[in-house]
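> sequence and predicted structure, then a few things I'm wondering about:
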Amino acid sequence: MNHLTPYDAVLLLSFGGPEKPEDVVPFLRNVTAGRGIPDSRLAEVGEHYYAFGGRSPINDQNKALLAALRSELGERGVDIPVAWGNRNWDPYLVDALRELHENGARRVLTLVTSAYASYSGCRQYRENLAAALGTLAEEGRYLEVDKVRPYFNDPGFVAANVDAVVGAYERLGVPPSPAAPLVFVTHSIPTTMEVASGVGNPASYSGQHLDVASVVAGRAAELLGAPIPWELAYCSRSGTPFTPWTEPDVSRSIAALHADGAANVVLAPIGFVSDHMEVIYDLDTEAKETADELGMPMERAATAGTHPSFVSGLVDLLLERAATERGEAPERPTLGTLGPWHDVCPPGCCYLRAGVDSGVPAACEQTDVVTVA
Ligand SMILES: CC1=C(CCC(=O)O)c2cc3nc(cc4[nH]c(cc5[nH]c(cc1n2)c(C)c5CCC(=O)O)c(CCC(=O)O)c4C)C(CCC(=O)O)=C3C
Ligand SMILES: [Fe+2]
């Protein structure tokens, strides 16, 4: 028996990213298949990748997280294979699951690199899991897969972000005040997805961010000894200009704060678990340009990455979920006001559009119980 019984493998499930210039276009096609993203937007995003040699930072970060998770599990005496698979690029999810099956795994506990619940961070990964399990079943390989609940309000994730905000103010060398406010940043999503993320959940995608932001700002303020004026902004909008997405964009936020008298700004990308392309391009490059043009010193807080509190919190979540599966009632610690998310998504959770069932099968969801009289 290991502490993750009944599971016999862990899967780190992520987005994936290109490794070299030739990968960029096929990667973008994978990401946007059937999603109606205009070619002009794809060309623009392609340029972000080419500007960094055609290589996304995300794969190296997942390798580092994988190593950190293995080491933390090892330190706690848990001996279990931890595999890594992606939605959009090599190593692909289906290959990672196949390899686990070949090595004898039958029950897999999945951890996605997305902390918040919405279609993009929850259901879309569950659709990918269902598709991969379907492919493997056709090969005669049967696996049962569960997923760790969204962890944006996990104490370990919060602690890593508090540290990061404190570190950014220390580098800025100016204490928090209306002259040096904090802007939390996350990935923009279509407002239809935002509405759907709140159906059947304690809060929508933006509500989840506001809740965690309030805790992070409060704790960082205590450590820095001054209240922190803060707001939430968004980056990486895509789609057509006619489709509404969550706002304001981070650059607009910076400009508005400047107009209100802010002379400095700190950005904290709490929507991302590591320094993705969105962070190094949309914040460190694009938002930085805006701040430079306005003559505002800007510091960007670190992402959780492999912060020991974050990694330890993730391992706690794996252990918690295994204990629940064994019929125990483990503690489910969270910070903020929203409480722990469901382990198994209710039907209709995190649709692309509220109330519209796309008919695409999704794993890790309660199935309707049909009682036969
Ligand atoms: C909420 C959210 C997260 C955070 C949760 C999580 O972390 O999972 C996230 C993460 C990521 N998004 C990423 C990259 C891209 N996302 C795109 C497109 C889109 N993202 C969306 C949402 C999100 N995305 C949406 C609603 C679209 C529109 C099309 C669609 O509905 O699918 C496109 C297409 C071009 C464009 O339109 O920008 C790209 C290239 C990468 C990899 C970055 C790297 O290489 O480091 C990562 C981690
Ligand atoms: Fe994205």
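Ah, there it is. What you see is a predicted model, and the numbers here were worked out from it, not measured in a lab. Ligands and ions are numbered 1, 2, ... in the order given.

> any idea how far ligand 1 is from residue 31?
From residue 31 across to ligand 1, the span is 5 Å (C-beta to the nearest ligand atom, to the nearest Å). (Glycine included, C-beta is placed from N, CA and C.)

> and the residue nearest to that residue when sequence neighbours are not counted, how many neighbours?
Leaving aside its sequence neighbours, residue 31 sits nearest to residue 88 (C-beta to C-beta, 6 or more residues apart in numbering; 5.0 Å). The number of residues packed near residue 88 is 21, by other C-beta atoms under 10 Å.

> same question, the one 10 residues further on
The local packing count at residue 98 equals 19, with neighbours defined by other C-beta under 10 Å.

> which stretch of helix or strand covers it?
Residue 98 belongs to helix 93-102 when assigned by DSSP states H and E.

> that helix - what's its average pLDDT?
Regarding helix 93-102, the rounded mean pLDDT is 98.

> output the contacting helices and strands for it.
strand 9-14, strand 82-86, helix 124-138 (3 or more C-beta pairs under 8 Å, 6 or more residues apart in numbering; DSSP states H and E).

> all helices for the stretch 151-300 of the chain, in order.
Along the stretch 151-300 of the chain, the stretches classed as helices by DSSP state H, counting those that start in this stretch are 155-172, 191-197, 205-224, 250-259, 277, 288-293.

> chain center to stretch 351-369: distance?
Its chain's C-alpha centre and that of stretch 351-369 lie 20 Å apart, by C-alpha atoms, centre = their mean, to the nearest Å.

> average pLDDT across that stretch?
On average, stretch 351-369 scores 88.

> in it, what counts as buried?
For stretch 351-369, the neighbour count (16 or more other C-beta atoms under 10 Å) marks 351, 352, 362, 363, 364, 365 as buried.

> restricting to C-alpha, output it in CSV.
Listed next in CSV are the C-alpha coordinates belonging to stretch 351-369 (Å, rounded to 0.1, in the frame of the first residue of the first chain):
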residue,chain,number,x,y,z
TYR,A,351,-19.5,24.3,-20.4
LEU,A,352,-18.1,26.5,-23.2
ARG,A,353,-21.5,28.3,-23.1
ALA,A,354,-23.9,28.2,-20.2
GLY,A,355,-26.6,25.6,-20.6
VAL,A,356,-25.4,24.5,-24.0
ASP,A,357,-24.3,20.8,-24.0
SER,A,358,-21.8,20.4,-26.8
GLY,A,359,-22.3,16.7,-26.7
VAL,A,360,-18.5,16.2,-26.4
PRO,A,361,-17.8,13.5,-23.8
ALA,A,362,-15.8,14.7,-20.8
ALA,A,363,-14.1,12.5,-18.1
CYS,A,364,-14.1,13.0,-14.4
GLU,A,365,-17.8,14.0,-14.2
GLN,A,366,-20.7,12.5,-12.3
THR,A,367,-22.8,10.4,-14.7
ASP,A,368,-26.5,10.5,-14.3
VAL,A,369,-27.7,7.6,-12.3
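
> I'd like the average pLDDT over stretch 19-31.
Stretch 19-31 comes out with an average pLDDT of 95.

> mind listing residues that contact it?
Stretch 19-31 is contacted from outside by 16-18, 42, 45-46, 49-50, 53-56, 59, 87-90, using C-beta atoms under 8 Å, 6 or more residues apart in numbering.

> so which of those residues sit within helices?
If you go by DSSP state H, the contacts of stretch 19-31 have 42, 45, 46, 49, 50, 59 in helices.

> returning to what we had before: out of the buried residues of stretch 351-369, who's nearest residue 137?
Relative to residue 137, the closest of those is residue 363; by C-beta to C-beta it sits at 11.8 Å.

> picking that back up, distance check, the residue nearest to residue 31 against ligand 1.
To ligand 1, residue 88 is 8 Å away according to C-beta to the nearest ligand atom.

> look up how far residue 156 lies from that residue.
27 Å (C-beta to C-beta, to the nearest Å).
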